[in-house]
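> Below is the sequence, then the predicted model.
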Amino acid sequence: MNIAICDDEEIIREQIKELTEKEKSGLCMELYETGDALLASGKQFDIVFLDIQMEGTDGIETAKRLRQRDEDTILIFITGIREYVFEAFDVAAFHYLLKPIEEEKFREVFHRAERELEKRKSKRRETVFIKTRNRSFSLEKDSILYIESRGKKVEIHTTGETIEAYASMNEMEGQLGGGFFRCHRGYLVNMAYVAEYDSGSITLNNGGYVYLAKEKYGEFVKAYMRYLRNGVGADG
């Protein structure tokens, strides 16, 4: 397991390193003083402990850039200001730790992150069999970014290609199930790829975006928070 610890306070970096080593041995850990240094490393990590207030690129912006590289990275924010928690959710943070860090709370969050990491890795291997009116095919569920309605057809946008097929959005929604959300009558989004959202759109971590109907906003926020906690979709 590869872990990064990024905080401008050396005492915090060392504390998290010691607490992590106490919970699990044989880990590969790297410590960074700034978000810029973490991003410059170009490395991918399973879990990133990330301070929010730092010189240069702050933790929220660093998280956005990390999301663009790897949607499966588990982000755990470290902050002394409770109000930042809401910003942390906007970049799909797994959890947050308030300074001063309590050992018992750290233990709980770390082991939840371990379980989530295993869950995400197994999901990447999940294959879904899609049946439409003109063809049937298998896709890795994790490869689907979103599905867009095009009249009597749908366009399935994946990480590698766009697939066109005769089907309705209701049919697609029923076949894909948990982890996907009908954010608009014409869009079905994979919540694993959500980077940011506002009352009218959802930005994906590959830079694309889909529309979010205003009347769906509240329902989406609840479903997304549930997804971050449990790794399941609106019907889970």
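The structure has been received and is ready for your questions. Numbers count the residues shown, from 1 in each chain.

> where are the low-confidence patches of this protein?
Filtered on pLDDT under 70, the chain yields the residue ranges 84-92, 122-125, 231-236.

> which SS state does the residue lying farthest from the centre of it fall under?
Distance from the C-alpha centroid of the chain, by Cα atoms, centre = their mean, peaks at residue 134 (33.1 Å). Under DSSP: H, G, I helix; E, B strand; the rest coil, residue 134 falls in the coil class.

> Following element in sequence after the longest helix seen in the chain, please.
Criterion DSSP state H: the longest helix present in the chain is helix 103-124. Sequence-wise, the next helix or strand downstream of helix 103-124 (DSSP states H and E) is strand 127-131.

> Now that next one: buried residues?
Using 16 or more other Cβ atoms under 10 Å as the test for burial, strand 127-131 gives residue 130. (Each C-beta comes from the backbone N, C-alpha and C, glycine too.)

> Point out the other helices and strands that it packs with.
Counting contacts by 3 or more Cβ pairs under 8 Å, 6 or more residues apart in numbering; DSSP states H and E, strand 127-131 packs against strand 136-140, helix 169-176.

> got the angle between that strand and strand 136-140?
Angle, strand 127-131 to strand 136-140, by axes from the mean of the first three to the mean of the last three Cα atoms, to 10 degrees: 150 degrees.

> and the angle for strand 127-131 with helix 169-176?
Going by the same axes, to 10 degrees, strand 127-131 makes 150 degrees with helix 169-176.

> Work out the sheet partners of strand 127-131 and label each with its direction, please.
strand 136-140 (antiparallel) (DSSP bridges).
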